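In: Give me the fold of what follows.
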Amino acid sequence: MKTVPILSAADAAALVREGANLMAGGFGMTGAPVHLLHALAERGTGGLTFIGNNVGEPGLGGGRLLRNGQLRRAIGSFFTSNPEAVAASQQGRIEIQLLPQGSLAEAIRAGGAGIGGFFVPAAAGTDLGQTAETRTLNGQAQVFVPALRADVAFIRAWRADTAGNLVYRRTEQNFNRAMATAADLVIAEVEHIEPLGALDPDSIHTPGMFVDFLVQAHTTAEELGSSASTGARRADPVRLAMARRAHAELKRGDVVNLGIGIPTLVADLITAEQGIVLHTENGMLGVGPAPTDGGGAMDYPVNAGKVPVTALPGASYFDSADSFAMIRGGHVDVAIMGGLQVDADRNLANWAVPGKPLLGVGGAMDLASGARRLIVTLNHTEPDGRSKILPRCTLPLTALGAVDLIITELAVFGFEAGQLRLLEVMPGATLDEVRAKTAASFSSAL
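Out: Numbering: from 1, shown residues only. Model prediction:
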């Protein structure tokens, strides 16, 4: 059995050449190889192409690479809210390629498996899919996504043995597992390096054949930038009423994915007796409530909002590629997500506003096209009174013909025979108010 050399972070960073393609694991700060990225930032190697879920995460090494001007190109799902990252893109100092999160994960997995690319529904008919080859497969428009490989991958694991076998912890698998297979040189930053034979073969996530070097790293909560959980969320009554109405749509045994914003409030309404299983796209089934002991990401798994959560009995962890295979394969019963606009053709826009900083697409396109049922919660109007329920969306689309139910503070809309239909008026609202504030034409069940 081979022995994998153990390097310092500085020596490992020296192996990245000028102009290299670099993959870096992590979902936000969780499972991120912070020591390796920081060492590379200190070394100053430039002209890099950075491949990772988060591009320019503030406080993370990728953000330091960006701030130092070491990146010429970045491929990822989130461009984050980092002002420096936004400015770099707007000024042409870095080229950004956004991919839906599931397409990114699968492109990395394909690269590691020697597959040249694949067709996928996410992004079909949207701005992100405009330049891609598009085919209709099984009656559904799908875009071609080329595989991704890199010269070097920086990944993070919890345990390793001297043969390079890796074990990840909780939701830290995310992009690390796939990236370990998809680079010519793989360097794993590991919390605990143990003797050969110390790891149970049944527990190994990444076989040592993929790993070239190990780096011993003891990561602190401060280095991860992980904030402690604040416990139960507080919401104003209007938002909570919308969450309660969405919760009423769920059935016992449903596998449910909750988006950011109002949908996250649904989690606080689910009881163990209902048997609803919460799925999070960064790699967890069986998401429980927020911890009440003040623990952070070093102590608990995190959800897709990067917030610490607990694990219910029967919970399981997996990587992002498997998570999106669950979504894409139709194994998630319901997705509840926020929206910027919904139209009478069941189209959703929720990821970009022209003229405003681009934050990223995340998993919205994958969920909208892959979940069996899509519920969208949103405010009925813009602050200036313009309707968000339109004859046709005017913002960049997330998905075409995907929305099944719309819940606002004023009303609940469904679709019948392809036509928008008012199902309910929310408490405190009136039918006249709904008519006056809805730009799209609709029939009524009332």
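In: secondary structure class for Arg435?
Out: With DSSP: H, G, I helix; E, B strand; the rest coil as the basis, Arg435 sits in helix.
In: Likewise for Ala321?
Out: Assignment for Ala321 (three-state DSSP): helix.
In: where's it relative to Thr181, distance?
Out: Remark: distance between Ala321 and Thr181 (C-beta to C-beta, to the nearest Å) = 10 Å. The C-beta positions use only the backbone N, C-alpha and C, and glycine is treated the same way.
In: Find residues that contact each of those two.
Out: Common contacts of Ala321 and Thr181 (C-beta atoms under 8 Å, 6 or more residues apart in numbering): Arg109.
In: Averaged over its residues, which helix or strand of the protein has the lowest pLDDT?
Out: Every helix and strand of the chain was ranked by mean pLDDT, DSSP states H and E. The lowest is helix 221-224, at a mean of 58.
In: Can you give the contact residues for stretch 2-15?
Out: Contacts of stretch 2-15 (C-beta under 8 Å, 6+ apart): 35-36, 38-40, 42-43, 45, 152, 160, 162-164, 185, 187, 189, 193, 196, 208, 211-217.
In: Mind jotting down where the helices sit in the protein?
Out: 9-13, 34-43, 61-67, 83-90, 101-113, 176-179, 221-224, 237-247, 320-328, 364-370, 431-437 (DSSP state H).
In: Buried residues of the fifth one, list them for me.
Out: For helix 101-113, burial by neighbour count (16 or more other C-beta atoms under 10 Å) applies to Gln101, Gly102, Ser103, Leu104, Ala105, Glu106, Ala107, Ile108, Arg109, Ala110, Gly111, Gly112.
In: which of those residues lies closest to Arg135?
Out: Closest to Arg135 out of those is Ser103 (15.2 Å), distances taken as C-beta to C-beta.
In: Tell me if I'm right that that closest one and Asp366 touch.
Out: Yes: using C-beta atoms under 8 Å, Ser103 is in contact with Asp366, at 7.2 Å.
In: Next one, pLDDT for the spatially most distant residue from the centre of the chain please.
Out: Largest separation from the mean C-alpha position in the chain: Asp432, at 39.1 Å (C-alpha atoms, centre = their mean). pLDDT, Asp432: 96.
In: and the gap between it and Thr438?
Out: 11 Å.
In: So which of the helices of the chain is nearest Lys388?
Out: That would be helix 431-437 among those, by C-beta to C-beta, at 9.2 Å.
In: How far off centre is the closest one?
Out: Taking C-alpha atoms, centre = their mean, to the nearest Å, one finds the center of helix 431-437 at 36 Å from the center of the full chain.
In: what sits up against that helix?
Out: Taking C-beta under 8 Å, 6+ apart as the rule, helix 431-437 contacts His380, Thr381, Gly385, Ser387, Leu410, Ala411, Leu422, Val425, Ser444, Leu446.
In: Recalculate using a threshold of 6 Å.
Out: His380, Thr381, Ser387, Leu410, Ala411, Val425 (C-beta atoms under 6 Å, 6 or more residues apart in numbering).
In: Can you tell me which of the residues you listed is closest to Ile270?
Out: Ala411 (23.9 Å).
In: now that closest one, nearest residue through space, not along the chain?
Out: Val434 (4.6 Å; C-beta to C-beta, 6 or more residues apart in numbering).
In: so how far is Ser316 from that neighbour?
Out: In terms of C-beta to C-beta, Val434 sits 42 Å off from Ser316.
In: Between these two, which has more neighbouring residues?
Out: Val434 (23 against 10; other C-beta atoms under 10 Å).
In: Could you give the number of residues near Phe118?
Out: Neighbourhood size, Phe118 [other C-beta under 10 Å]: 16.
In: so what's it bridging to?
Out: Per DSSP bridges, the residues bridged to Phe118 are Val145.
In: quick one: it and Ile336, what's the gap?
Out: Separation of Phe118 from Ile336 (C-beta to C-beta): 27 Å.
In: next one: Gly370
Out: Taking C-beta to C-beta, one finds Gly370 at 14 Å from Ile336.
In: Which one's more surrounded, those two?
Out: The neighbour count for Gly370 versus Ile336, taken as other C-beta under 10 Å, is higher for Ile336 (29 against 26).
In: That one reaches Leu265, doesn't it?
Out: No: in this structure Ile336 lies outside contact range of Leu265 using C-beta atoms under 6 Å: 9.8 Å.
In: And the residue nearest to Ala411, how far from Gly296?
Out: 43 Å.
In: Below-threshold pLDDT in this structure: ranges please.
Out: 56-61, 80-91, 220-235, 297, 355, 357-359 (pLDDT under 70).
In: Residue ranges of each domain in it, please.
Out: Domains of the chain are assigned by automatic domain parsing as 6-218, 237-444.
In: Pick the most deeply packed of these.
Out: Among those, ranked by average contacts under mean count of other C-beta atoms under 10 Å, first place goes to domain 6-218 (a mean of 21).
In: what about that domain, distance to the chain center?
Out: 14 Å.
In: With stretch 427-435 instead?
Out: Centre-to-centre, stretch 427-435 and its host chain are 36 Å apart (C-alpha atoms, centre = their mean).
In: Could I have the CA atoms of that stretch written out in PDB?
Out: Output in PDB follows, covering the C-alpha atoms of stretch 427-435 (Å, rounded to 0.1, in the frame of the first residue of the first chain):
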ATOM      1  CA  PRO A 427     -56.900  36.300   5.600                       C
ATOM      2  CA  GLY A 428     -57.000  40.100   5.800                       C
ATOM      3  CA  ALA A 429     -57.100  40.500   2.000                       C
ATOM      4  CA  THR A 430     -60.100  41.000  -0.300                       C
ATOM      5  CA  LEU A 431     -60.900  39.700  -3.800                       C
ATOM      6  CA  ASP A 432     -61.000  43.300  -5.100                       C
ATOM      7  CA  GLU A 433     -57.500  43.900  -3.700                       C
ATOM      8  CA  VAL A 434     -56.200  40.800  -5.400                       C
ATOM      9  CA  ARG A 435     -57.700  41.800  -8.700                       C
END
